[in-house]
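Engineer: Got a predicted structure plus its sequence, pasted below:
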Amino acid sequence: MNTASTSSSETRRALCAACLRPRQTCICHWVTALSNQVEVLILQHPMEVSNAKGSARLLHLSLANSRLEVGERFDPARLQAMLSPERRNVLLYPDTEDAALGLAKPEPFDPAWLRTPLRLVVLDGTWRKSRKMLYLNPLLQSLPRMPLRETPPSHYLIRKAHLPDQLSTLEASVYALAQLENDATQYKPLIDAFDGFVAQQASYIKRSA
């Protein structure tokens, strides 16, 4: 038995306890510690957990006031507890209605809420998976939505977008926080770090091509 080869293989497979990626491709050096006023609840589709191109884990590790939960259909009581009433919940999702899905009509977003404690609820998944998560969780359907407008072009060049103006989970969340907190510069360091993360992932793609 070649113990050196086995040891090398085990090292490659060992996961970082923080970012949950192999140690050789750890992204923790891109974590940018920031204090966010608006709480962020990230609901991650299970298929995104091991996706190397995913940005939700980096977002969660960077934001002091954030929580990441994995699931597709959440137990209603558990989800209700996550959406606890000490903060008003706002869903980061386009405000267009899709009658074909038969979704409940969300409550309109009231700008007066900007003066109250808020929680930004983020669905992390492909466009199709995030729509399914919304469909499977009626509690999410009734939340007022936070649509993004006039955002910069995406820096997320390693993953095919469903729409021309579609952003990564990290980018969309950061721009939403900047809008809700009325601070355009607070989260720029995280966007800069995200560029480094994208470049790191792109280098792996080039090597395997």
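Structural biologist: Cool, the structure landed. Numbers count the residues shown, from 1 in each chain.

Engineer: Which pLDDT value belongs to the closest residue to Val90 other than its chain neighbours?
Structural biologist: Excluding the flanking residues, the one nearest Val90 by CB to CB, 6 or more residues apart in numbering is Met146, at 4.6 Å. Where C-beta positions appear, they are placed from N, C-alpha and C, glycine not excepted. As predicted, Met146 sits at a pLDDT of 87.

Engineer: likewise Ala100?
Structural biologist: Ala100 carries a pLDDT value of 58.

Engineer: Would you tell me which helix is longest in this protein?
Structural biologist: Counting by DSSP state H, the longest helix found in the chain is helix 188-208.

Engineer: circling back: next, count neighbours for the residue nearest to Val90.
Structural biologist: For Met146, the tally of surrounding residues (other CB atoms under 10 Å) stands at 23.

Engineer: contacting residues for it?
Structural biologist: By CB atoms under 8 Å, 6 or more residues apart in numbering, the contact list for Met146 reads Val90, Leu91, Leu92, Tyr93, Phe109, Leu120, Ala176, Gln179, Leu180.

Engineer: In helices, which of the residues you listed fall?
Structural biologist: Filtering the contacts of Met146 for helices - DSSP H - leaves Ala176, Gln179, Leu180.

Engineer: Would you format the residues you listed as TSV with neighbour count and pLDDT included?
Structural biologist: Output for these, formatted as TSV (neighbours: other CB atoms under 10 Å; pLDDT from 0 to 100):
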residue	neighbour count	pLDDT
Ala176	22	95
Gln179	19	93
Leu180	18	94
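
Engineer: and of those residues, the nearest to Arg57?
Structural biologist: Ala176 (17.9 Å; CB to CB).

Engineer: JSON lines for the contacts of Met146, including distance to Ala52?
Structural biologist: Output for those, formatted as JSON lines (distance: CB to CB, whole Å):
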{"residue": "Val90", "distance to Ala52": "29"}
{"residue": "Leu91", "distance to Ala52": "27"}
{"residue": "Leu92", "distance to Ala52": "23"}
{"residue": "Tyr93", "distance to Ala52": "25"}
{"residue": "Phe109", "distance to Ala52": "34"}
{"residue": "Leu120", "distance to Ala52": "25"}
{"residue": "Ala176", "distance to Ala52": "24"}
{"residue": "Gln179", "distance to Ala52": "29"}
{"residue": "Leu180", "distance to Ala52": "29"}
